[in-house]
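**Q** have a look; sequence and predicted model below, questions after that.
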Amino acid sequence: MSAGLVGYSSSEEDEQEEEEERGGRSGGAQGPRGASAGHPRLPVPAGLPGDPDPEEAVSDDSARHGGRIRGFPHERGNWATHVYLPYVAQEEFLELLELLVSRARTYVPSVAAMEEFHLSLSQCVVLRYHWIDPFVRSLRERLAAFHRFFCVADQVKVYTNHNKTRTFIGLEVSAGHFQLLELVSEVDRVLEEFDLPTFYKDPSFHISLAWCVGDLSSKLEGQCLQELQDIVDEFEDSALLLRVQWEQIRCKSGNKYFSFPLRTSEQ
């Protein structure tokens, strides 16, 4: 059974449109948990004259983005924002990816490999331009104490976005879940300060590998999913390859990137 996802952002042109990663387990994602008691919510101003906006006149023509549909309408002064752990794919990982995509295409020919990889720590949310800097400062403060850690992502799983317009094949985390929940807890606190939706209550942490347009989960599950898992299990050195050390957290807001290095044991 595929896990439902929410808030998979469709693309801004140069955006890694895998922002689908913020998946909840089967049953879909939960709504925002709301601001915690004692945390004042910062008022978000309406559009102000002179808002810098590098994303002028973004077209929502899905044909330009492989059929992907924007998760929320583009509006001047609104910046799509996402907090995640970036994953840099090594040559062996790309070899495994090629095998998985090739097998998946025997069931769904339109499956395409992701070009960039990450593990999400937030949904894709909307920030006004004026709140980007205070949002990033708050993230930096709350994430400063976290150390580098390892995860194992070796369980093949099929996901769909909230409105069933896209389907994804991902590698779900089987070890390291606790550390990820700790990170999400701090990111959630920042989101609450800005009255933004928090992450899912029972998230399926994963790295998306491939995607296709539409809800084709029924074709990718069952026999296909088992064959994909067999490829992962039998791939040479997969145990080592899929043991990932996270070294930094990243926040993308519009075309701006912010990095938060995780501490080393010496620090």
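**A** On my side now, so go ahead. Quantities reported herein were computed from a predicted structural model and do not represent experimental measurements.
**Q** state the helix or strand in which residue 172 lies.
**A** Per DSSP states H and E: residue 172 is located in strand 166-175.
**Q** all strands in the stretch 101-250 of the chain, in order from the N-terminus.
**A** 112-113, 117-120, 125-128, 149-160, 166-175, 206-213, 243-246, 248-253 (DSSP state E, counting those that start in this stretch).
**Q** only C-alpha atoms, please: export the strand holding residue 172 in PDB.
**A** Provided in PDB are the C-alpha atoms of strand 166-175 (Å, rounded to 0.1, in the frame of the first residue of the first chain):
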ATOM      1  CA  ARG A 166       2.400  12.200  -8.900                       C
ATOM      2  CA  THR A 167       3.800   8.900  -7.800                       C
ATOM      3  CA  PHE A 168       7.300   8.400  -6.400                       C
ATOM      4  CA  ILE A 169       9.600   5.500  -5.600                       C
ATOM      5  CA  GLY A 170      11.700   6.100  -2.600                       C
ATOM      6  CA  LEU A 171      14.100   4.500  -0.100                       C
ATOM      7  CA  GLU A 172      12.600   4.700   3.400                       C
ATOM      8  CA  VAL A 173      14.800   5.000   6.400                       C
ATOM      9  CA  SER A 174      15.000   1.900   8.500                       C
ATOM     10  CA  ALA A 175      17.500   3.100  11.100                       C
END
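**Q** report all helices and strands that it contacts.
**A** Counting contacts by 3 or more Cβ pairs under 8 Å, 6 or more residues apart in numbering; DSSP states H and E, strand 166-175 packs against strand 149-160, strand 206-213, helix 217-220. From N, CA and C alone the C-beta is placed, and that goes for glycine too.
**Q** now the shortest one: buried residues?
**A** Read that as helix 217-220. Buried residues in helix 217-220, defined by neighbour count with 16 or more other Cβ atoms under 10 Å: 217, 219, 220.
**Q** can you check the first one too?
**A** Of the residues in strand 149-160, those buried by neighbour count under the rule 16+ other Cβ under 10 Å are 149, 151, 152, 153, 154, 156, 157, 158, 159, 160.
**Q** so what strands line up beside it?
**A** Strand 149-160 has its sheet partners listed here by DSSP bridges as strand 3-4 (parallel), strand 166-175 (antiparallel), strand 243-246 (antiparallel).
**Q** I'd say residue 86 and residue 250 touch.
**A** Yes: under the criterion of Cβ atoms under 8 Å, residue 86 makes contact with residue 250 at 5.1 Å.
**Q** what touches both of the two?
**A** Shared contacts of residue 86 and residue 250, defined by Cβ atoms under 8 Å, 6 or more residues apart in numbering, are found at residue 118.
**Q** now the longest helix belonging to the chain: buried residues?
**A** Longest helix of the chain, by residue count under DSSP state H: helix 177-193. Buried residues in helix 177-193, defined by neighbour count with 16+ other Cβ under 10 Å: 179, 180, 183, 184, 186, 187, 188, 189, 190, 191, 192, 193.
**Q** which residues does the closest residue in space to residue 180 that isn't next to it in sequence contact?
**A** Of all residues not flanking residue 180 in the chain, residue 205 sits nearest, at 5.0 Å (Cβ to Cβ, 6 or more residues apart in numbering). The contact partners of residue 205, by Cβ under 8 Å, 6+ apart, come to 119, 120, 151, 153, 172, 173, 176, 177, 180.
**Q** repeat that for 6 Å
**A** Contacts for residue 205 (Cβ atoms under 6 Å, 6 or more residues apart in numbering) come out as 119, 173, 180.
**Q** can I get these in JSON lines including pLDDT and distance to residue 229?
**A** Below are the contacts of residue 205 laid out as JSON lines (pLDDT from 0 to 100; distance: Cβ to Cβ, whole Å):
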{"residue": "119", "pLDDT": "98", "distance to residue 229": "19"}
{"residue": "173", "pLDDT": "98", "distance to residue 229": "15"}
{"residue": "180", "pLDDT": "98", "distance to residue 229": "21"}
